[in-house]
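Novice: Next one to model:
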Amino acid sequence: MTYALRQMVVLGCIAAFMPLPALAQSAPPPPPVTVAKPVVRDVVDSDEFIGRFEPVDEVSVRSRVGGYLQEIHFQDGALVKQGDLLFVIDQRPFVTALNQAKASLESAQSALVFADAQYKRAQSLAASGSQSAQTLDDRRREFDSAEANVRGAQAAADRASLDMEYTEIKAPLSGRIDRRLISAGNLVQTDQTVLTTIVSLDPIDFYFDVDERRLLNFADTARKLGKELQQGGGGLDVSVTISDPSAKPFKGKLDFAENRVDNESGTIRLRARFPNPDLVLQPGLFGRIQVEASNTYQAILVPDEAIGSDQNERVVYVVGTDGTVSTKPVRPGPRLYGYRVIREGLDGTETIIVNGLMRARPGAKITPQMTELPRERQDAPPETAGAESGQ
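Specialist: This next block holds a predicted model:
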């Protein structure tokens, strides 16, 4: 008999004479697993869409008169107020034109005074019979012509004065100005040359597209409030998150929807308006908007990590009073307050496994370690694709 075989025989004999309680004591205890009750609270469903911020007002600054650019009175990218001086066109040609128009006006006014005197004299002579009717008619025609010349000269002077005013190009709205698109000394063409652009910042708009199914849901919610979706649905509350994880959601209100669904994409564009006093939100910035999509109801919330998969079903691991694990099929909904809404499968009284699913299996026992879930979770992991597949 070999040495290894002798060792096996000896160990077998020892096991044969070992008391049964000693064997039972060597079995490992059930594994510890963290369990908790689901969170039950009143919630409002919300849908999430990706969109982009756009300015409420945007202006391409052009000159209403042509000439050579002489002065620039702003810094690139600065905040400007409505009425601030931005550019000055060389004013010398316009000063000359204005003076000429004023001189023509004075000449026309002088001619009118003379024509008026001649007409009155003709009227007096015609009354005494010393002046023919033909001459009186001529004096009346000359007076009317002089009056018309004064009105024309006045219009020319007003136009020259307006052109002179247009040589100073001022900000048409308050907001942030872009860089100068033309340098001093260049020729500016009337109503064509873009000098710069200005966008308003506070408030700011957010545009996003909604599919037909959720559009009908939003429209129904708006009608229940006695409003039309195209008019903002009565100012439905919305919030937007941006790519900066440290930034809190920005609160705003829905205020507009287009009047038809796009034939090609099957979507409709909606707009929400947000106050932006700190100017954090910028035109062109992407964001994710959450829009309320239901009335208030009581929901059962569980962490995403507590939801497992059994073939094509989503399940939650439920722990009985004796520590035995079983599974319950559930239908997940949207994620709210850092948790996943359970549409069907739980009533909120169950004790479920929230951490340690790998150490539990249906029919086995565990050592439950009870914990209490907060009403709102701040450390929730990012949204995962297919999380609402059971919806």
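
Novice: After the strand ranked longest in the chain, which helix or strand is next?
Specialist: Looking only at the chain and at elements set by DSSP state E, the strand with the highest residue count is strand 325-336. As assigned by DSSP states H and E, the chain's next helix or strand after strand 325-336 is strand 339-344.

Novice: between that next one and strand 325-336, how many degrees?
Specialist: Orientation of strand 339-344 against strand 325-336 (axes from the mean of the first three to the mean of the last three Cα atoms, to 10 degrees) gives an angle of 120 degrees.

Novice: Against which helices or strands is strand 339-344 packed?
Specialist: Packed against strand 339-344, as judged by 3 or more Cβ pairs under 8 Å, 6 or more residues apart in numbering; DSSP states H and E, are the following elements: strand 297-302, strand 325-336. In short, each C-beta sits where N, CA and C put it, glycine included.

Novice: neighbouring contacts of the next helix or strand after that strand?
Specialist: With elements assigned by DSSP H and E, the helix or strand that comes after strand 339-344 is strand 352-355. Contacts to strand 352-355, defined as Cβ atoms under 8 Å, 6 or more residues apart in numbering, come from residues 33-38, 302-303, 305-306, 316-319, 325, 346, 360, 366, 371, 373.

Novice: Show me which of those residues are buried.
Specialist: 33, 35-38, 302-303, 306, 316-319, 325, 346, 360, 366, 373 (16 or more other Cβ atoms under 10 Å).

Novice: And the strands in the stretch 201-350 of the chain?
Specialist: 204-211, 237-241, 250-257, 267-274, 286-292, 297-302, 307-310, 313-319, 325-336, 339-344 (DSSP state E, counting those that start in this stretch).

Novice: mind giving me the domain split of the chain?
Specialist: Per the record, the chain has its domains at 30-40+296-368, 47-53+200-289, 63-186, by the TED database.

Novice: Please name whichever of these is nearest to Val194.
Specialist: Nearest to Val194 among the domains of the chain is domain 63-186 (5.7 Å), distances taken as Cβ to Cβ.

Novice: Could you dump the domains of the chain into CSV and include mean pLDDT?
Specialist: Supplementary listing: those in CSV, determined by pLDDT from 0 to 100:
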stretch, mean pLDDT
domain 30-40+296-368, 85
domain 47-53+200-289, 83
domain 63-186, 88
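
Novice: Ok, which of those domains comes nearest Thr193?
Specialist: Counting by Cβ to Cβ, Thr193 lies closest to domain 63-186 out of those; the figure is 6.4 Å.

Novice: measure the closest one end to end?
Specialist: Domain 63-186 has its terminal residues 13 Å apart, counting by Cα to Cα, to the nearest Å.

Novice: And the spatially closest residue to Arg64 that is not a sequence neighbour, its phi and psi?
Specialist: Among residues not flanking Arg64 along the chain, Tyr166 sits closest, at 4.3 Å (Cβ to Cβ, 6 or more residues apart in numbering). Torsion angles at Tyr166 (phi, psi; degrees, to the nearest 10) stand at phi -70, psi -10.

Novice: Could you tell me how many residues sit around Tyr166?
Specialist: Tyr166 has 16 neighbours, counted by other Cβ atoms under 10 Å.

Novice: OK, contacts around it?
Specialist: For Tyr166, counting by Cβ under 8 Å, 6+ apart, the contacting residues are Ser63, Arg64, Val65, Ile89.

Novice: Pull up the gap between the first one and Leu373, please.
Specialist: Here Ser63 is placed at a distance of 64 Å from Leu373 (Cβ to Cβ, to the nearest Å).

Novice: likewise the second one?
Specialist: As for Arg64, its distance to Leu373 is 65 Å (criterion: Cβ to Cβ).

Novice: in its sheet, what does the longest strand of the chain sit against?
Specialist: strand 313-319 (antiparallel), strand 339-344 (antiparallel) (DSSP bridges).

Novice: Which among those is found nearest to Ser132?
Specialist: Nearest to Ser132, of all these, is strand 339-344, at 102.5 Å by Cβ to Cβ.

Novice: Can you check what angle separates that closest one from strand 297-302?
Specialist: Strand 339-344 runs at 110 degrees relative to strand 297-302, counting by the same axes, to 10 degrees.

Novice: Pull out the buried positions in strand 339-344.
Specialist: By neighbour count on 16+ other Cβ under 10 Å, the buried set for strand 339-344 is Tyr339, Arg340, Val341, Ile342, Arg343.

Novice: And these, which is closest to Gln290?
Specialist: Closest approach to Gln290 among the buried residues of strand 339-344 (Cβ to Cβ): Val341, at 13.8 Å.
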